[in-house]
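>>> I need the structure of the sequence given here:
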Amino acid sequence: MAITSLPFPEMAEQKSYISHLIEKRLNTQETSLPYDDESIYPPHFSVYGLDKLGIKNPTHVYRNLSVPKLIEHSLAKGEGILADNGALCVKTGKYTGRSPKDKFIVDEPTSREEIHWNELNVAISEHNFDLLYRRVISYCQRRDLYIFDGYVGADPHYRMSVRIINELAWQNLFAHQMFIRPTLQELNNHQADFTVICVPGLHGDPDFDDGINSEAFIVANFAKKLIIIGGSKYAGEAKKAVFSLMNYFMTIKDVLPMHCSANMDENGNTALFFGLSGTGKTTLSADSQRRLIGDDEHGWSQDGIFNFEGGCYAKTINLSFENEPQIWSAIRFGAITENIVLNPFNRNLDYNDRRWTENTRVAYPIDYIPNCVIPSIGSHPKIVIFLTADAFGVLPPISLLTKEQAMYHFMSGYTSKIAGTERGITEPQGTFSACFGKPFLPLSAVVYAKMLGERLDKHNSKVYLINTGWTGGSYGVGNRISIKETRAMVSAALNGDLDNVKFFPHPIFKVLIPETVPNVSPHILNPEDTWSDRHAYYNQANKLAQLFQENFSRFEIKDKNILQAQPQPIS
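Residues are numbered from 1 along each chain as shown. Prediction:
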């Protein structure tokens, strides 16, 4: 079913009326704005400093509109429709996820020596950036523009101010819900540290725009603290582009930027959850028995943990109220869903339909989670959890890591792809993303791993590796570990129930396996016990250990303790 626009004549009439009043004000030198002001200004006004960016002659400029107004604009312009629960539903077209091959960093003197240039941190020249930027600001002429001025970083000692400029109202609503919203006084004094310009209607042309690969482009200029995005409607590009900036500038402030979720118990004990997409990071951190600090991006300063964002961006494929009640209930008026199929008759959201993409998403403000922490700040974490969905079926469902093992697995960032999720994948494949967020790391993973190790040492934080994937065999043979048992293992780690339990090392992966976990069958704790053929288990475990070694060989690590934490195949 294609998403179409709703007729909304009242909005068009209101817009015409406001334009008439503005013209009248110009002629009569009126100083007051019309009722229900939507921050519409005539084209030749220098509004909100856009002229300093080279943006001239926009048709209308809207700054920090309220949620209802942004939704009205989105509906009036045919950008999306409402579901029966009130959520604004949009389709993002060709791009239903990030486009890592279209992401570039400007090669300029101030950051050149620090950037870890690789297949994901690809250079574009200053000259080519300038030419592309001219196309962006030219495209903005005679168009409606939406501005969100706010912040990244809940801790005022470390936060950065951000300005998001959009051509689409729904993407500005996304920015409003995803980043930290300012008070009126803060808005009046706002000066942007970071600026992101999103113009998905402008398509790049590799034959004309030197340095890019397709119609989509995401280009970061660290010297100018400026990002330009074109050709893709996927809102996650702006979110992760800002995260990339934070991953660079936070280290200067001695803050470890982390791709993780965080929550705390009633006594203020904080826990972190690291994991790649599909491992359960958002699901497991949204716990009704704990208070959510944030679901995706955080900083670990000398003072504690703080959320970078003011919202959540959750995957919704196969979402159910039974397994994820907090996320389910957060999908309501003010939330934005991407690429979720709607029933054309009653407009129910079908979370199981993946016809457009596996990566269906919803964005909502963090205060849609009833037990969230506001402001989103926590203490130094007592427990850190690494999540992996091991489709090889060989990692223990829960294990304790030494500090060196934690640094090793942090730099590895392992999970696995399964057959059927991507074309050409017929058996499990290991996927490694350094620090559980390699696409967003402008610096070497070694920098972030050292910062993590220092903090684990200083605050005596325990690190657990939890496998939310398969047991009893690889994908297609074994069974996925139930969410009920995973939650029980997470709870045991968080509540200190494993503090006095005996552990034994895994012969290949060397991680420490608990002998017992409350409310979990002892049979599944040692993964080799769940396989009917132990020889087949060790063949598969050796295969994964070799993948770990091959991946880690690209790091220049001389610390013997970290190297000794590496899995070792056995004969």
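
>>> residue 55 and residue 138 touch, don't they?
No. Using CB atoms under 8 Å as the test, residue 55 is too far from residue 138 to be in contact (9.4 Å). Placement of C-beta: from N, CA and C, glycine included.

>>> give me the more crowded residue out of these two.
residue 55 (22 against 12; other CB atoms under 10 Å).

>>> need phi/psi at that one.
As for residue 55, its main-chain torsions (degrees, to the nearest 10) stand at phi -80, psi 120.

>>> how about it, what does it touch?
Neighbouring residues of residue 55 by CB atoms under 8 Å, 6 or more residues apart in numbering: 137, 140-141, 145, 165.

>>> so how far is residue 286 from the residue positioned nearest the centre of the chain?
Compute the mean C-alpha point of the chain, and by CA atoms, centre = their mean the closest residue is residue 296, 5.3 Å away. Here the criterion is CB to CB, to the nearest Å. By it, residue 296 lies 11 Å from residue 286.

>>> where does this protein dip in pLDDT?
Across the chain, the ranges flagged by pLDDT under 70 are 1-46, 418-428.

>>> how's it carved up into domains?
In terms of domains, the chain is parsed into 100-377, 382-563 (source: automatic domain parsing).

>>> ok, residue 378 - contacts?
262, 264, 268, 270, 293, 304-306.

>>> again, but for residue 173
By CB under 8 Å, 6+ apart, residue 173 lies in contact with 67, 70-71, 74, 88, 336.

>>> again with residue 565
Contact analysis of residue 565 by CB under 8 Å, 6+ apart lists 402, 404-405, 407-408, 510.

>>> what about it, distance to residue 182?
Note on residue 565: its distance to residue 182, by CB to CB, is 44 Å.

>>> excluding chain neighbours, what is closest to residue 222?
residue 111 (4.3 Å; CB to CB, 6 or more residues apart in numbering).

>>> burial measure for that neighbour, as a count.
So residue 111, with other CB under 10 Å, has 17 neighbours.

>>> so it sits against residue 223, correct?
Yes. Using CB under 8 Å, residue 111 makes contact with residue 223 at a distance of 6.6 Å.

>>> which stretches in the stretch 101-250 of the chain count as strands?
103-107, 122-125, 145-152, 160-166, 194-199, 217-221, 226-230 (DSSP state E, counting those that start in this stretch).

>>> distance to residue 541 and mean neighbour count for these - can I get that in JSON lines?
Shown next, in JSON lines, are the strands of the stretch 101-250 of the chain (distance: least, CB to CB, whole Å; neighbours: other CB atoms under 10 Å):
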{"stretch": "strand 103-107", "distance to residue 541": "35", "mean neighbour count": "23"}
{"stretch": "strand 122-125", "distance to residue 541": "35", "mean neighbour count": "17"}
{"stretch": "strand 145-152", "distance to residue 541": "41", "mean neighbour count": "24"}
{"stretch": "strand 160-166", "distance to residue 541": "44", "mean neighbour count": "24"}
{"stretch": "strand 194-199", "distance to residue 541": "44", "mean neighbour count": "24"}
{"stretch": "strand 217-221", "distance to residue 541": "38", "mean neighbour count": "25"}
{"stretch": "strand 226-230", "distance to residue 541": "42", "mean neighbour count": "24"}
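
>>> re earlier: next up, the contacts around the residue nearest to the centre of the chain.
259-261, 281-282, 309, 312-313.

>>> which of those residues lies closest to residue 541?
residue 281 (24.5 Å; CB to CB).

>>> tally of neighbours for the closest residue to the closest one other than its chain neighbours?
Distances taken as CB to CB, 6+ apart place residue 275 nearest to residue 281, at 4.0 Å, with adjacent residues excluded. Residue 275 is flanked by 25 other residues according to other CB under 10 Å.

>>> on that earlier part again, okay, the domains of the chain in TSV with distance to residue 571 next?
Shown next, in TSV, are the domains of the chain (distance: least, CB to CB, whole Å):
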stretch	distance to residue 571
domain 100-377	31
domain 382-563	9
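
>>> just so I know, which of those lies nearest residue 47?
Across those, closest to residue 47 is domain 100-377 (CB to CB), at 8.7 Å.

>>> span of that closest one from start to end?
End-to-end distance for domain 100-377, by CA to CA, to the nearest Å: 31 Å.

>>> equivalent analysis for stretch 564-571, please.
Rule used - CA to CA; the end-to-end distance of stretch 564-571 is 18 Å.

>>> offset the numbering so it begins at 476, please.
Renumbered: residue one is now 476, and that last one reads stretch 1039-1046.

>>> buried residues in that stretch?
Within stretch 1039-1046, the residues scored as buried using 16 or more other CB atoms under 10 Å are 1040-1042.

>>> many thanks, have a good one.
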